[in-house]
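Q: Fold the stuff below for me.
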Amino acid sequence: MAAYANWLGECAEKYGVQIHGWVLMTNQVHLLMTPQTEFGITKLMQTLGRLYVRYFNYGYRRSGTLFEGRYKSSVVQQEQYLLSCQRYIEHNPVRAGMVKDPGDYRWSSYRAHAFGIKPSMWSPHSLYEALGVSSATRQSAYRELFSTTLEVSVHSKPPLTPSFKSERIGLLANLSFQSRGVNDSTSLAGCTLTRCNTSVR
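A: Purely as a prediction, here's the structure:
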């Protein structure tokens, strides 16, 4: 996962994409991003995919596709949805039973938001920064968000837009790895999340 995270940061810088939230799982990746240019996210995901597939296939002596189709994305257009999406992303390892606390999982943005550990690829969103006047108060307020249950609605329709707009609050991109499992899509707070089961490291 270190290689993926490293290339994610490099591609974000190269193509002008701010990365606000992420979780790198063994079977999927969730990213909350804001593009500075119209095709920034598309270029980032294409380049990152090519780099990682080549690296993974070489390391595991395999060939062919690694990801389950093209990445899926939804625009987060309403402010109240952004932190909910971010919480959902960072709580993935807990829901998957991998850790008991989101702070115990290294490959997510939770430690950046909750404890001030700042990876180079992280661009804190203005809504996160508005949680407090200092780093300590922001981090405390963010941890408090995780003390309440996040309500997930599987019936809500996320607000989407097909065209690029510079005022986008953020964009959630999801990648699922190739799997024999069943795809399960859930709508949550303006974001479309895709899950599958596989054993990718």
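Q: buried stuff in the helix ranked longest in the chain?
A: Using DSSP state H to define each element, the chain has its longest helix at helix 40-59. Burial within helix 40-59, assessed by neighbour count using 16 or more other Cβ atoms under 10 Å, is assigned to 40-45, 48-49, 51-53, 56. Where C-beta positions appear, they are placed from N, C-alpha and C, glycine not excepted.
Q: next one: stretch 5-18
A: Within stretch 5-18, the residues that qualify as buried by neighbour count (16+ other Cβ under 10 Å) are 5, 7-8, 10-12, 15, 17-18.
Q: Strands - which of those land there?
A: Counting by DSSP state E, the buried residues of stretch 5-18 place 17-18 in strands.
Q: In three-state terms, label the spatially most central residue of the chain for me.
A: Central residue check for the chain by Cα atoms, centre = their mean: the C-alpha nearest the mean position is that of residue 31, 2.0 Å away. When the structure is split into helix, strand and coil by DSSP: H, G, I helix; E, B strand; the rest coil, residue 31 lands in strand.
Q: For the nearest residue to residue 5 once chain neighbours are set aside, the count of nearby residues, please.
A: With Cβ to Cβ, 6 or more residues apart in numbering as the measure, residue 24 is the residue that lies nearest to residue 5, at 6.4 Å, once sequence neighbours are left out. Summarising burial for residue 24: neighbours were counted as other Cβ atoms under 10 Å, giving 21.
Q: ok, residue 24 to residue 129 distance?
A: When distances are taken as Cβ to Cβ, to the nearest Å, residue 24 and residue 129 turn out to be 24 Å apart.
Q: OK, contacts around the closest residue to residue 13 other than its chain neighbours?
A: With Cβ to Cβ, 6+ apart as the criterion, residue 13 has its nearest non-adjacent residue at 7.8 Å, and that residue is residue 121. Going by Cβ atoms under 8 Å, 6 or more residues apart in numbering, residue 121 touches 5, 8-9, 12-13, 19.
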